[in-house]
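A.B. asks: Just need the structure, nothing else, for what follows:
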Amino acid sequence: MKYITTVIHILFLFDACFSTLSPPTDKKGQKGVKTQEGPRKNNVLDRKLVLETPLVKDIIKYHATYHQDLSTSHFNNPVLGYVTPWNNKGYDVAKTWAPKFNYISPVWLQIKRQAPNIYIISGLQDVDHAWMKAIKQKGSASNLKVLPRIIFENWQVSDLKAFFLEPSLHSEQKALIEEIKKSCKQWKFDGVVLEMLSQIGKFADKSVKFIQQFGSEMSDDNLKLILVYPPFRGYPNDEFFIQAFNDIYPYVEAVSVMTYDFSNPQKPGPNAPLYWMRLCVEKLIDNDENSVKRLKILLGLNFYGNSYTANGGGPIVGTEYIELLKNAKNNQALSYNNNTAENYVEIRTSQGTKKIFYPTLYSIQKRLDLAREYGTGVAIWELGQGLDYFYDLF
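C.D. replies: Below is the predicted model:
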């Protein structure tokens, strides 16, 4: 998943490990703004914080507060949350708001082809059984499932040819499926989130039958398979993925569509324009009223942002965003673009002027409304990057 991988390599530096269950406190911020923390009697909707152009000082003040009722859901379709080992706050978020999620996907696993018909899963040293048990207990009402993400790692062209093209492909694919199922049973996973389509290049058109077989065999063993899926970008192979979805969705629990990373330092701009996300959904559903098909689409929501300068810039997480906002002018409000349905703000810092795109309560609500309109679920990349009060909306 090259778009997410770029973010991953940068974000591991910004580990923010702190609890979300601390009692209400006040911390002195820059320019006299106090940051409030902890549970509150009312949610962000009741507190009138979901505004099109919020004030910077209000974001700084309230971002670490959240509704004391952690179990009531405001979004009734499936929700997947990714958690990464390099951003430990995500583990706390998953535990705190477990009832809001249907699936939690810790980014732990890699699978390699070691030799003909021999596959090795690495990353199992990151598995935290106590954490898995805790989130499942707290998420019992939503019947929460833990599905680690597993990614094809260091596959050579010879490996892909053996897997997708050679006469032995049936035994190769069978061996991989059996190794993953064995690990799920041994480590008490409910299944996996499989990321492979963005890594296999020209072999993607050979993947459909494998995914169908994989999904069927996982289902036979009462295990779930979610497939990471590319968004529509106007690339030559986009039409293949659109058509392949019709052949794939009956065999998988869901597809997690990567509707983020629309812009980058070479092309600065919004993280995931709403019109583009709408297009991605419409391409997959193709006017089909099948509600089962729609529910199997998990629309990607980025909980990270980007800070751009004249010399480039790059991704930021919530803790960095708040620190940047402390450089804003008094009573400065965020700007809002009706076309993209994203907020942004320009701030002068010691490193120069920065234009910052980062999710707000309002932009997230607009995307949840889009998911409700089309009957899809959502997938959050990733839980440790967001602000605490975001979860009031789910």
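
A.B. asks: Could I get the buried residue list for the longest strand along the chain?
C.D. replies: Assignment by DSSP state E gives strand 103-115 as the longest strand of the chain. By 16 or more other CB atoms under 10 Å, the buried positions in strand 103-115 come out as 103, 104, 105, 106, 107, 108, 109, 110, 111, 113. (Each C-beta comes from the backbone N, C-alpha and C, glycine too.)

A.B. asks: Of all the helices and strands in the chain, which has the lowest average confidence?
C.D. replies: helix 2-11 (a mean of 39; mean pLDDT, DSSP states H and E).

A.B. asks: Pipe the buried residues of strand 103-115 into TSV and attach pLDDT per row.
C.D. replies: Supplementary listing: those in TSV, determined by pLDDT from 0 to 100:
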residue	pLDDT
103	98
104	98
105	98
106	98
107	98
108	98
109	98
110	98
111	98
113	96
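
A.B. asks: now the helices: where do they sit in the chain?
C.D. replies: With DSSP state H, the ranges of helices along the chain come out as 2-11, 56-62, 89-96, 129-138, 157-164, 169-187, 208-220, 238-248, 274-285, 291-295, 318-325, 361-374.

A.B. asks: Now the shortest one: buried residues?
C.D. replies: Along helix 291-295, the positions that meet the burial threshold by neighbour count (16+ other CB under 10 Å) are 293, 294, 295.

A.B. asks: roughly how far out does that helix sit from the chain middle?
C.D. replies: Relative to the centre of its chain, helix 291-295 is centred 20 Å away, using CA atoms, centre = their mean, to the nearest Å.

A.B. asks: can you list contacts of it?
C.D. replies: 77, 78, 249, 254, 285, 288, 374, 375, 376, 377 (CB atoms under 8 Å, 6 or more residues apart in numbering).

A.B. asks: what do you get if the cut-off is 6 Å, keeping everything else the same?
C.D. replies: 249, 285, 374, 375, 376 (CB atoms under 6 Å, 6 or more residues apart in numbering).

A.B. asks: Please name the nearest non-neighbouring residue to residue 159.
C.D. replies: For residue 159, ignoring the flanking residues on the chain, the nearest one in space by CB to CB, 6 or more residues apart in numbering is residue 113 at 4.3 Å.

A.B. asks: Pretty sure the one you found sits against residue 157.
C.D. replies: No. Judged on CB atoms under 6 Å, residue 113 makes no contact with residue 157 at a distance of 11.6 Å.
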